[in-house]
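K.L.:
next one to model:
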Amino acid sequence: MCNLCRLAALLCFALPLSAQPATPAQTVRGTVLDADSKAPLTGVNITIQGSDPLVGTVTGPDGEFRLPNVPVGRIGLNLSYLGYQPRAIANVVVNAGKETVLQLELAEAATDLAEAVVTASQSRGAPLNEMAQISARSISMEEMNRLAASFNDPALITSNFAGVTTTGDGGNDIIVRGNSPKYLQWRLEGVPITNPNHFADQNAVLGATSALNANLLATSGFYTGAFPAGYGNALSGVYDIRLRNGNNEKFEGIAGIGLLGTELTLEGPLKQGSGGSFLANYRYSTASILNSLGLLDVKGKPAFQDAAFKLYLPTEKYGVFSAFGLGGHSTFTLDDVTFEDWNTPGDDIMSGQVFEAYDKATYLFNTGINHSIPLGEQGYLKSSVSYSSEGIDDDVLQRTDSLGTGTPSFASELRKTAYRASTTYHRKFNARNTVQAGAVYTLFGQRADQARKSAADAGLQTALDFDECLGNLRTFVSWKHRWNSALTMVAGLHNNNIFFNGEHTVEPRLSARWQMTPKGALSFGYGLHSTMESVHHYFATVEQPDGSFAQPNLNLGLLKAHHFVLGYDYRFTPNLLARVEAYYQHLYNLPVEDSPDSYFSTINEGAELDYVALVNEGTGRNYGLELTLQRFFADGYYFLFNTSIYESTYKALDGQERNTRFNGNFVANAIAGREFTNLGRKRNKTLGINARFLLSGGQRIIPLLRDAGGNLTVDPANGRYWDYGRAYEDRLDNLYQLTLS
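P.N.:
Next up is the predicted model:
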């Protein structure tokens with residue numbers, strides 16, 4: 001009982017390092033920019049919603065504003081500016097121990113005096129990328145901290161939204177519209193990055209928990225289909241995570257212990273009056289600490305630590321510089337695993353008298369420098385250089401008893417790197433026309449060494465050994481034209497090139513949004529999208545029928561997909577949104593095994609590494625319907641109900657249309673929460689209660705071999721376990737999940 005009390009005390013502890021003011025008030029400040037040109041706006045009227053008498057201010061020459069002595073709690077802001085769409089900002093959290101610093105944007109109105117005006121103000125949840133008009137939304141820090149089952153994990157929060165599922169096995173993978181999680185592109189500060197998760201597996205973009213700390217995040221962008229031309233080398237979606245700037249006027253810090261990690265965050269000005277700031281965070285696994293203290297007993301020894309930073313430095317003549325970094329390290333040790341812990345019956349290497357020990361270590365590192373400089377009054381150039389790396393080490397030892405000396409049965413070392421340089425020119429010609437054009441060069445590298453036992457009495461034999469790299473160049477142009485205040489069109493082209501084998505593609509993108517009424521809008525999107533396959537497939541060494549080895553995949557082409565999306569939004573009120581989206585994706589050029597009898601396609605891969613001869617002759621299709629009803633948080637409560645019904649199928653060279661591994665067919669979410677304020681003797685406490693119910697179809701599997709009577713017919717001696725002729729016909733049980741927070 002004492003241990004439980006100590007645990008509860010630890011999990012509730014948080015210590016602000018900055019001094020608390022005597023009165024429950026704080027400063028709210030920030031900047032207001034043009035949404036297209038990113039130029040500061042002078043003279044924007046900003047008022048606090050519901051204040052009496054009215055409290056407000058006006059932005060200065062640099063677009064900056066300040067509202068001092070704002071009562072602690074939640075406030076809303078109204079922004080208005082001549083010639084621009086008005087905007088309402090809800091749920092701005094004002095804390096006593098920390099200033100609230102905002103960066104806001106307004107979109108210029110495209111209205112002729114002679115035309116009828118059918119327009120809507122900028123809406124909550126609207127996408128960050130001004131070129132995105134459908135299958136896109138923003139995710140605020142407030143949503144990240146509020147929604148049940150997100151656990152402050154940027155990956156898990158996406159499963160609250162329509163069209164997104166997870167495998168439900170404890171990982172934080174993101175399955176978008178039936179596509180493999182590995183085809184989602186993660187970005188940090190606008191730059192593509194490697195898998196940002198702890199405890200990652202070999203070929204996966206998932207893990208047990210994210211290395212991205214939600215307390216450092218600004219509003220981020222999430223795109224699930226037909227994304228604009230600025231995004232490429234992604235087939236299923238794009239998740240663009242943004243870090244917030246640190247406080248550029250005063251030093252602040254906070255230390256705390258949560259369910260996931262024990263952490264310290266510091267922020268403040270680089271130099272007083274410079275406008276620059278720093279933000280830094282370090283986090284260590286709480287579970288590891290509690291395990292060491294004897295307060296937590298779990299099978300295995302998981303531990304992780306991560307750190308992140310952002311430096312922001314504006315200059316008068318040379319533009320704005322920012323640097324960012326994210327690093328993480330995780331280990332997992334599991335001893336005395338016996339036959340009962342395995343899922344494969346009749347394993348010929350391991351028996352009931354064999355004990356195995358697992359030792360896993362992973363690391364990730366991403367860093368980069370961004371530079372943005374104005375070019376005239378209506379344009380700017382943004383450039384980036386970055387480096388990403390990821391490493392995974394797996395070792396398995398066998399013992400004949402729990403105390404014996406272990407002998408290796410499997411060893412793997414995997415390293416992935418990416419060097420990137422990019423530049424994008426943004427130009428706003430007038431209220432109706434905006435253009436973006438840019439290029440991204442990436443040098444991918446991968447090194448892999450694997451060895452395993454092939455029989456119980458054999459030593460380790462090399463299964464994989466390569467160290468290779470290849471270059472990729474992507475270019476794009478995108479044009480946004482506002483025909484009038486109600487109709488906006490975005491058209492673009494994206495070009496994707498693999499220098500290693502000369503593969504390339506030109507991809508048209510087109511979207512339109514028609515604001516039919518002030519409350520209702522119809523949207524359409526089309527895009528041809530492509531992506532490279534995982535680097536190891538290009539350099540796979542495959543045994544030939546004559547016993548020799550060759551690399552048959554050196555000329556493997558790009559995977560491609562046509563995305564079509566039709567959507568309708570209706571805002572009953574500024575806080576209540578109904579959305580319907582129907583989509584169809586035609587996939588082609590899919591890598592499938594070069595065998596007329598094979599079911600295999602790389603689109604079904606999870607964490608495993610497969611090495612087979614591939615040809616770009618597979619096809620697939622994903623189609624579905626998504627329904628959403630969302631009430632954004634206001635007046636102390638919110639709710640989000642959504643459901644998705646979908647199909648995801650493919651064909652390999654055997655010509656049979658099969659379910660993909662990730663075809664769960666349906667997913668539904670019911671999420672709601674209530675906040676109670678003015679609690680406690682001083683009426684300065686807040687209690688939030690949130691709940692989520694999830695119902696999702698199970699992941700597809702390859703069944704074990706059985707006879708007509710349903711009896712197992714596996715043949716371990718000859719390595720026969722799975723009924724590949726019935727690949728992905730069966731699936732795991734449906735997932736039911738109730739989460740309270």
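K.L.:
element containing the residue positioned nearest the centre of the chain, please.
P.N.:
Per CA atoms, centre = their mean, the C-alpha nearest to the average position across the chain is that of residue 239, at 4.1 Å. Using DSSP states H and E, residue 239 sits within strand 237-241.
K.L.:
tell me where the stretch 151-300 of the chain has strands.
P.N.:
Ranges of strands in the stretch 151-300 of the chain, per DSSP state E, counting those that start in this stretch, are 164-165, 175-176, 184-188, 191-192, 197-198, 209-210, 220-223, 237-241, 252-257, 261-269, 277-285.
K.L.:
which residues does the fifth one contact?
P.N.:
By CB atoms under 8 Å, 6 or more residues apart in numbering, the surrounding residues in contact with strand 197-198 are 155, 172, 205-211, 304, 306, 328, 330, 362, 364. Where C-beta positions appear, they are placed from N, C-alpha and C, glycine not excepted.
K.L.:
same question for the third one.
P.N.:
Taking contacts as CB under 8 Å, 6+ apart, the residues outside strand 184-188 that touch it are 174, 176, 192-196, 205, 212, 231, 233-234, 236-241, 243, 324, 326, 366, 368.
K.L.:
quick one: average confidence on it?
P.N.:
Strand 184-188 shows a mean pLDDT of 94.
K.L.:
could you check the angle it makes with strand 237-241?
P.N.:
Relative orientation of strand 184-188 versus strand 237-241 (axes from the mean of the first three to the mean of the last three CA atoms, to 10 degrees): 20 degrees.
K.L.:
low-confidence ranges in the stretch 351-500 of the chain?
P.N.:
Applying pLDDT under 70 to the stretch 351-500 of the chain flags residues 351-356, 399-406, 454-458, 463.
K.L.:
rerun that using 50 as the cut-off
P.N.:
For the stretch 351-500 of the chain, the stretches with pLDDT under 50 are 351-353.
K.L.:
before we move on, the earlier item: how about the residue nearest to the centre of the chain, what does it touch?
P.N.:
By CB under 8 Å, 6+ apart, the contact set of residue 239 is 154-155, 158, 174, 184-187, 220-223.
K.L.:
partner residues bridging it?
P.N.:
Counting by DSSP bridges, residue 239 forms beta bridges with residue 186, residue 222.
K.L.:
for it, give its distance to residue 219.
P.N.:
Applying CB to CB, to the nearest Å, the value for residue 239 to residue 219 is 13 Å.
K.L.:
tell me how the protein divides into domains.
P.N.:
21-108, 241-740 (automatic domain parsing).
K.L.:
how about those in TSV, adding distance to residue 143 and mean neighbour count?
P.N.:
Listed next are those as TSV, based on distance: least, CB to CB, whole Å; neighbours: other CB atoms under 10 Å:
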stretch	distance to residue 143	mean neighbour count
domain 21-108	9	17
domain 241-740	8	17
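K.L.:
and the strands in the stretch 301-450 of the chain?
P.N.:
301-314, 320-337, 355-374, 379-399, 407-428, 433-453.
K.L.:
run the chain-centre distance for the fourth one.
P.N.:
Meaning strand 379-399. Mean C-alpha position of strand 379-399 versus that of the full chain (CA atoms, centre = their mean, to the nearest Å) differs by 15 Å.
K.L.:
direction included, what does that strand pair against?
P.N.:
Pairing partners of strand 379-399, with direction, according to DSSP bridges: strand 355-374 (antiparallel), strand 407-428 (antiparallel).
K.L.:
just to revisit the earlier point, could you dump the domains of the chain to TSV with distance to residue 137?
P.N.:
Shown next, in TSV, are these (distance: least, CB to CB, whole Å):
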stretch	distance to residue 137
domain 21-108	15
domain 241-740	9
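K.L.:
reformat the strands paired with strand 379-399 as CSV; add distance to residue 613.
P.N.:
What follows is these, written out as CSV (distance: least, CB to CB, whole Å):
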stretch, distance to residue 613
strand 355-374, 30
strand 407-428, 22
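K.L.:
among the domains of the chain, which is nearest residue 167?
P.N.:
With CB to CB, the closest approach to residue 167 among the domains of the chain belongs to domain 241-740: 5.2 Å.
K.L.:
figure out which of the strands of the stretch 151-300 of the chain is closest to residue 78.
P.N.:
strand 220-223 (23.9 Å).
K.L.:
who are the packing partners of the closest one?
P.N.:
Applying 3 or more CB pairs under 8 Å, 6 or more residues apart in numbering; DSSP states H and E, one finds that strand 220-223 makes contact with strand 136-139, strand 237-241.
K.L.:
angle of the longest one against strand 320-337?
P.N.:
Translated: strand 237-241. Here strand 237-241 points in a direction 110 degrees away from that of strand 320-337 (the same axes, to 10 degrees).
K.L.:
next one: strand 237-241 to chain centre, how far?
P.N.:
With CA atoms, centre = their mean as the basis, the mean position of strand 237-241 lies at 5 Å from the chain mean.
K.L.:
returning to that earlier point: specify which member of the contacts of residue 239 is nearest to residue 711.
P.N.:
Each of the contacts of residue 239 was checked against residue 711 using CB to CB; the closest is residue 174, at 38.3 Å.
K.L.:
quick check, the closest one in contact with residue 157.
P.N.:
No: Residue 174 is beyond contact range of residue 157, at 10.0 Å (criterion: CB atoms under 8 Å).
K.L.:
thinking again about what came up before, for residue 470, find the nearest of the strands of the stretch 151-300 of the chain.
P.N.:
Among the strands of the stretch 151-300 of the chain, the nearest to residue 470 by CB to CB is strand 191-192 (15.2 Å).
K.L.:
given the closest one, what are its sheet partners and their directions?
P.N.:
Partners of strand 191-192 in the sheet, by DSSP bridges, are strand 184-188 (antiparallel).
K.L.:
taking strand 301-314 as reference, get the angle to the partner strand.
P.N.:
Using the same axes, to 10 degrees: strand 184-188 against strand 301-314 is 60 degrees.
K.L.:
of all the domains of the chain, which lies closest to residue 227?
P.N.:
Comparing those under CB to CB, the one sitting nearest is domain 241-740, at 6.5 Å.
K.L.:
render the CA-only coordinates of stretch 662-670 in CSV, please.
P.N.:
Extracted as CSV, the C-alpha positions of stretch 662-670 are listed here (Å, rounded to 0.1, in the frame of the first residue of the first chain):
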residue,chain,number,x,y,z
PHE,A,662,-3.9,-3.7,-43.2
ASN,A,663,-7.5,-4.2,-44.5
GLY,A,664,-9.5,-3.9,-41.2
ASN,A,665,-12.7,-2.9,-43.1
PHE,A,666,-13.9,-0.5,-40.4
VAL,A,667,-13.0,1.7,-37.5
ALA,A,668,-15.2,3.9,-35.3
ASN,A,669,-14.3,6.3,-32.5
ALA,A,670,-16.5,7.9,-29.8
